[in-house]
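Trainee: Sequence first, predicted model second:
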Amino acid sequence: MPDPDMLQLLRNRHDDIRALCEKHKVTQLAVFGSAATGKFHSASDLDFLVEFEEKLPAKDMAIAFFGLKEDLENMFSRSVDLITASSLTNPYFRSSVMEERQSLYAA
């Protein structure tokens, strides 16, 4: 059965999410997919769209990306898919993500 309350759970963890974003040099974080559309199930993963500080060197970007992914998985005890806006090359998928995304953090 879908769990429409996952988005509210994410919003209730705002302070924890903000701390992770600051730690990993995130400028924007949004959730999309089943958690954002009310179709979340107990077996669902969490899908996040992330943007990092612009001038972050590639090595630091990789560390920040995988560190954030791991910290989010630990926080919510489930698998996390993390994507950046620049990686959304398919226009249909990009449109879908941008339409359903729900902002969780903006620096």
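Mentor: Good, I have the coordinates. Residues are numbered from 1 along each chain as shown.
Trainee: Could you list the buried residues of stretch 41-61?
Mentor: Buried residues in stretch 41-61, counted by 16 or more other CB atoms under 10 Å: 44, 46-52, 56. Every residue, glycine included, has its C-beta placed from N, CA and C.
Trainee: if we look at that stretch, which residues are touching it?
Mentor: Outside stretch 41-61, the residues that touch it by CB atoms under 8 Å, 6 or more residues apart in numbering are 1-3, 6, 10, 24-36, 64-65, 68, 72, 76, 78-85, 97, 101, 104.
Trainee: If we use 7 Å, what do you get?
Mentor: With CB atoms under 7 Å, 6 or more residues apart in numbering as the test, stretch 41-61 has contacts from 2-3, 25-35, 64, 68, 72, 76, 78-85, 97, 101.
Trainee: quick one: it to chain centroid distance?
Mentor: 6 Å (CA atoms, centre = their mean, to the nearest Å).
Trainee: about what we covered before: tell me which two in the buried residues of stretch 41-61 are the farthest apart.
Mentor: Between any two of the buried residues of stretch 41-61, the greatest separation by CB to CB is 29.6 Å, found for S44 and L56.
Trainee: The residue nearest the centre of the chain: which element?
Mentor: What sits nearest the mean C-alpha location of the chain, by CA atoms, centre = their mean, is F48, with 2.2 Å. Secondary-structure element containing F48, defined by DSSP states H and E: strand 46-52.
Trainee: Return the set of buried residues in the helix or strand just after that strand.
Mentor: Using DSSP H and E, the next helix or strand after strand 46-52 towards the C-terminus is helix 58-76. Under the neighbour-count criterion of 16+ other CB under 10 Å, helix 58-76 has 64-65, 68-69, 71-72, 76 buried.
Trainee: And stretch 75-90, by the same measure?
Mentor: Under the neighbour-count criterion of 16+ other CB under 10 Å, stretch 75-90 has 76, 80, 82, 88 buried.
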